[in-house]
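Novice: mind folding the following:
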Amino acid sequence: METASPPHAGRPADAGRPRWPRTAALLGAGAVLTALLLPVWPALRLSDGGDTMGHLRLAGGEPFTVSYVHSIDGLPIEENLLVRDGRLVVDSTRVRQFGAGMGHIPGEGTGRADGEWWVVEGMERDIGTELTIRVGAPAVDHRIRAPGAEVRLSPCLAAHPVRVEPVLLPTLLLPLATVPEPEC
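Specialist: Next comes the predicted model:
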């Protein structure tokens with residue numbers, strides 16, 4: 001007596017079922033797409049009158065500097081800021097001499113001499129989610145420095161309000177995140 005083979009004998013176990021892309025491949029492609037689109041790179045967006053001029057990438061935890069020449073005494077000032085939880089925090093100030101509103105305020109950091117400079121460190125002054133700089137004349141020489149880049153504002157943007165705000169950039173946009181070059 002012969003026995004009949006079951007209807008699926010000799011065929012692969014998944015024969016007759018719809019073929020779907022492998023879950024692992026989908027998850028892998030989703031992870032790549034997510035990594036490209038998620039905002040993960042810290043940067044500063046610089047805007048002039050609401051128009052984005054460009055971005056300065058920040059290295060994790062490193063400060064950026066706003067520098068200028070004081071309009072009264074003609075000496076340089078450097079403000080070092082950090083980004084913490086999307087907020088701007090003044091970390092330290094460097095000045096060449098004390099003047100009105102300059103120097104150490106009791107309870108805000110510690111002051112020390114550093115060659116020709118007076119430095120106040122550990123200020124921890126939270127100034128909010130953005131900083132607007134009313135750019136001074138070319139002699140004031142407003143600049144913003146981040147690791148590996150510097151933007152000179154005064155030559156082209158005197159009397160303009162330039163807004164500086166921390167942002168997170170997606171990996172996909174990093175090649176487009178150019179250092180702002182103010183046009184005259």
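Novice: residues contacting the residue most central in space within the chain?
Specialist: Nearest residue to the geometric centre of the chain (Cα atoms, centre = their mean): residue 43, 1.5 Å. The contact partners of residue 43, taken as Cβ atoms under 8 Å, 6 or more residues apart in numbering, are 55, 56, 57, 58, 166, 167, 168, 169, 177. Any C-beta I mention is one placed from the backbone N, CA and C, and that applies to glycine too.
Novice: for the protein, which spans come out with low pLDDT?
Specialist: Regions of the chain meeting the criterion pLDDT under 70 cover residues 1-37, 39, 98-105, 174.
Novice: ranges for the helices of it?
Specialist: Here the chain has its helices, by DSSP state H, at 23-37, 154-157.
Novice: tell me how far the shortest one is from the chain's mean position?
Specialist: Between the centre of helix 154-157 and the centre of its host chain there is 22 Å, according to Cα atoms, centre = their mean, to the nearest Å.
Novice: which residues of this protein fall in strands?
Specialist: Ranges of strands in the chain, per DSSP state E, are 39-48, 51-57, 64-69, 76-84, 87-95, 110-114, 117-121, 125-128, 131-134, 143-146, 149-152, 161-170.
Novice: and the second one, what does it pack against?
Specialist: Right, the one you point to is strand 51-57. strand 39-48, strand 143-146, strand 149-152, strand 161-170 (3 or more Cβ pairs under 8 Å, 6 or more residues apart in numbering; DSSP states H and E).
Novice: do the third one as well
Specialist: Strand 64-69 makes packing contacts with strand 76-84, strand 143-146 when contacts are defined by 3+ Cβ pairs under 8 Å, 6+ apart.
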